[in-house]
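S.K.: When you get a sec, could you give me coordinates for this:
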Amino acid sequence: MKHLITIMKHLITIGALLLSILTFQAQTTNENNLIATIDKETPVSMQKHKVPGLAIAIIKNGKVILKKGYGFSNVAAQKKVTTKDGFNIGSISKMFTAWGIMKLVETGKVSLDAPISTYLKSWKLPSSSFDTSKITIRNVLNHSAGLTVHGYNGYNSKKEVPTLINSLNGTKNADEKVTLFAAPNTKWKYSGGGYSMLQLLIEDVSGMSFEKFMKRNIFKPLKMKHTSFTIDKKIIKNTAKAYDEEAKLIPLRLFAAKAAAGLHTTLEDLILFAQATINNNKVLSARSIEIMTKATKVSRGNYGFGYMIMNRFGDFTLTGHGGSNEGWHSGFMLDLKSKSGFIILTNGSNGRNVLFGSMKTWAKWHGENGKN
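M.R.: This next block holds a predicted model:
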C-alpha cells in the first residue's frame, strides 16, 4: 500500500511537471506569435504613414517580453532606433508631474485638498466670476478645476521660450494664458494649463527648479538616468530627430510648460517607470499609486491623477497616458491587474496612426492570451 502511494505521488509530480512544461511552451509560442506579428506589421505601417522611427516594449506579468527599435532615429545619418534613444513624450509628462506632487504630499509639504493658491507664491490665477479659492491640488491633478489651455505647441528655439510665469499670463502667446472658465469640481476638462500651475507649485514649495526637483526626487531614485526636463546638449545628443507628416526633419520643440509636455526619456527608462508603477518602489507608497490610478467620478471613470483610464479594448482596464507634440507620438498603458502593458515611442507627426495599430494588435493578443 505504501509503495502504491509513493508511485501515485511520483505520477502526480511528473504530471504537474509536464503540465508546467506544456503551459510554458504554449505561453512562449503565444509570445513569439505576437512578436512575429509586430515585426511584420510595424515596418509596413511606418512606411505607409511616413514615420521614420519607433521603439516598443511589451510587458507581461511584470516581465519584459519585447523591447526593440524599428526604423531610424536619424534618417540622414541612417542611424537606427535603439532602446536607449531619447524621445519627447508629450503629455505622458503629466504622469511624472503627478508623481512629483504626490511626493510633496507624502512628505507633508502640501495637502491634496488645500486650495492651490495656498502654495503658489510667485503667481496668482486671474480673478474670475468663479471662486478661484476653491481650486484644490486634487482638482488640478484630475482636470476638474475648470482651467483653460488644453495643450501647448512649443517653440523652435530656447530664445523663443517664455518664462513659466509669462506663459501662465499669456504674455508671449495668448493661447497659453491660464484662466478659470468653470466652477471648480463641477466638470471635467483636460487642462495642460493646470499642470503648468503644478510645475510652478513644485518650484514655490520646494525652493528649487522644477527640473532639479524631479531629477532628485523621481528620476534618480528610479534610476532613470536618461530622463530629463532639462533639454541640454547631453539630452539632445542622445535624442532622436523629429519629423513631420511628410517625414521631413523639423526642429525640436521646446516648452516653458515642461510639466505638461516637455519630458524627454528613453524606452529603457520608461520600462523602469512601468515596473515602478506595477511594483513597490522607493519613491511613492502603494497607497499613493492607488490614488493616482483610480478614476474619478467627475471624469466619468476616464482619469485619475496624471493617469488616463481606458476600458475600450476588452474586459481589462488600461492605465497610463498618451503623448503628442509636433514630430512625436507616444503611448504608455498598463493593465495593472495583470502587471502587463506596452510602451510605444515614435519620432513622426503621423506616429499616432502606427501607435494605434500596434496598440490594437497588442490589446487583441492580451485579451486572448496575455492575462494567462
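S.K.: any weak-confidence spans in the stretch 201-350 of the chain?
M.R.: Applying pLDDT under 70 to the stretch 201-350 of the chain picks out no residues at all.
S.K.: the helices in it, which residues?
M.R.: According to DSSP state H, counting those that start in this stretch, the stretch 201-350 of the chain carries its helices in the segments 210-214, 233-237, 258-261, 267-278, 286-292.
S.K.: So which of those helices is the most surrounded?
M.R.: With neighbours taken as mean count of other C-beta atoms under 10 Å, the helices of the stretch 201-350 of the chain reach their highest mean count in helix 258-261, at a mean of 28. Every C-beta, even on glycine, is put in place using the N, C-alpha and C of the backbone.
S.K.: ok, and what's touching that one?
M.R.: By C-beta atoms under 8 Å, 6 or more residues apart in numbering, the surrounding residues in contact with helix 258-261 are 90-91, 93-94, 97, 100, 151-152, 154, 192-193, 195-196, 198-199, 202, 210-211, 229, 255, 323, 325.
S.K.: So which of those residues belong to strands?
M.R.: Taking DSSP state E as the definition of strands, the contacts of helix 258-261 contribute G323, N325.
S.K.: what about V283, neighbour count?
M.R.: Number of residues near V283 (other C-beta atoms under 10 Å) recorded here: 18.
S.K.: Nearest residue to it in space, please, no chain neighbours.
M.R.: Excluding the flanking residues, the one nearest V283 by C-beta to C-beta, 6 or more residues apart in numbering is P221, at 5.0 Å.
S.K.: Just to check, that neighbour is in contact with L272?
M.R.: No - with contacts counted by C-beta atoms under 8 Å, P221 stays clear of L272, the gap being 10.5 Å.
S.K.: Only C-alpha atoms, please: export stretch 273-280 in CSV.
M.R.: C-alpha atoms of stretch 273-280 as CSV (Å, rounded to 0.1, in the frame of the first residue of the first chain):
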residue,chain,number,x,y,z
PHE,A,273,8.9,53.6,-14.6
ALA,A,274,6.4,50.9,-15.7
GLN,A,275,7.9,48.5,-13.2
ALA,A,276,7.8,51.2,-10.5
THR,A,277,4.1,51.7,-11.2
ILE,A,278,3.2,48.0,-11.0
ASN,A,279,5.5,47.0,-8.2
ASN,A,280,6.8,48.6,-4.9
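S.K.: going forward can the numbers begin at 7, since that is how I track them
M.R.: Right, with 7 as the first residue, what we last looked at is stretch 279-286.
S.K.: can you list contacts of that stretch?
M.R.: For stretch 279-286, contacts defined as C-beta under 8 Å, 6+ apart pick out 63, 65, 68, 101-102, 228, 230, 271, 287, 289, 292, 295, 299, 338, 340, 342, 345, 347, 349.
S.K.: What separation is there between the nearest residue to A246 once chain neighbours are set aside and P121?
M.R.: Nearest non-adjacent residue to A246, counting by C-beta to C-beta, 6+ apart: S79, 3.6 Å away. S79 sits 44 Å away from P121, going by C-beta to C-beta, to the nearest Å.
S.K.: for S344, same thing?
M.R.: 39 Å.
S.K.: on that earlier part again, tell me which residues touch the residue nearest to A246, please.
M.R.: So S79 contacts P58, G59, K85, K86, V87, T88, D91, A246, K247, N353 (C-beta under 8 Å, 6+ apart).
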